[in-house]
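Trainee: next come a sequence and a model predicted from it.
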Amino acid sequence: MNKNIVLILSIFCFSLFFSEYSHAQKEKEDITCKQAYDLIKKHQGDTNFVIIDFRTEEMYSNGHIKGATVFDVFSDKIDTWLNKLNRNKTYLLYCNAGYRSGIALKKMKEMKFKKLFHLYEGIKVWKNEGYETKEN
């Protein structure tokens, strides 16, 4: 009977550890402006690092992160567009305040993209904190 109790406690502790571990992994996806800035600097010139702005073209033209590609997450062609992307590259996703890019993050995770970072604060906070943007 003691072996059963030890086994049950071991399984419980093991599942608790992995529950916390997976929660910590999820938290890593959502990053702050400072973390995004550091990530961009770290990957400067890296062709395997892609920044995607999931707002409209008009919103993008009013200020975006330098080097970002734009694609409206609410486009009826979003799934087709995402399917053309390399799932092994590293992606930094953002929008105005995190809603649109949050939708894209969920889609991309379902599509098995491996390295995703979500600027959950959005470009609105990015600008307010004084980080550089580019206008078209």
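Mentor: Thanks, I have the structure now.

Trainee: what ranges does this structure have for its strands?
Mentor: Secondary structure of the chain (DSSP state E): strands at 30-31, 49-53, 69-70, 90-94, 115-119.

Trainee: tilt between the fourth one and strand 115-119?
Mentor: Taking axes from the mean of the first three to the mean of the last three Cα atoms, to 10 degrees, one finds that strand 90-94 is oriented at 20 degrees with respect to strand 115-119.

Trainee: partners of strand 90-94, with directions?
Mentor: For strand 90-94, the pairing partners within the sheet under DSSP bridges are strand 49-53 (parallel), strand 115-119 (parallel).

Trainee: save the ones you listed as TSV, and put in mean neighbour count too.
Mentor: All C-beta atoms are positioned from the backbone trio N, CA, C, and that covers glycine. Converted to TSV, the strands paired with strand 90-94 look like this (neighbours: other Cβ atoms under 10 Å):
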stretch	mean neighbour count
strand 49-53	21
strand 115-119	21
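
Trainee: of all these, which lies closest to A104?
Mentor: strand 49-53 (7.2 Å; Cβ to Cβ).
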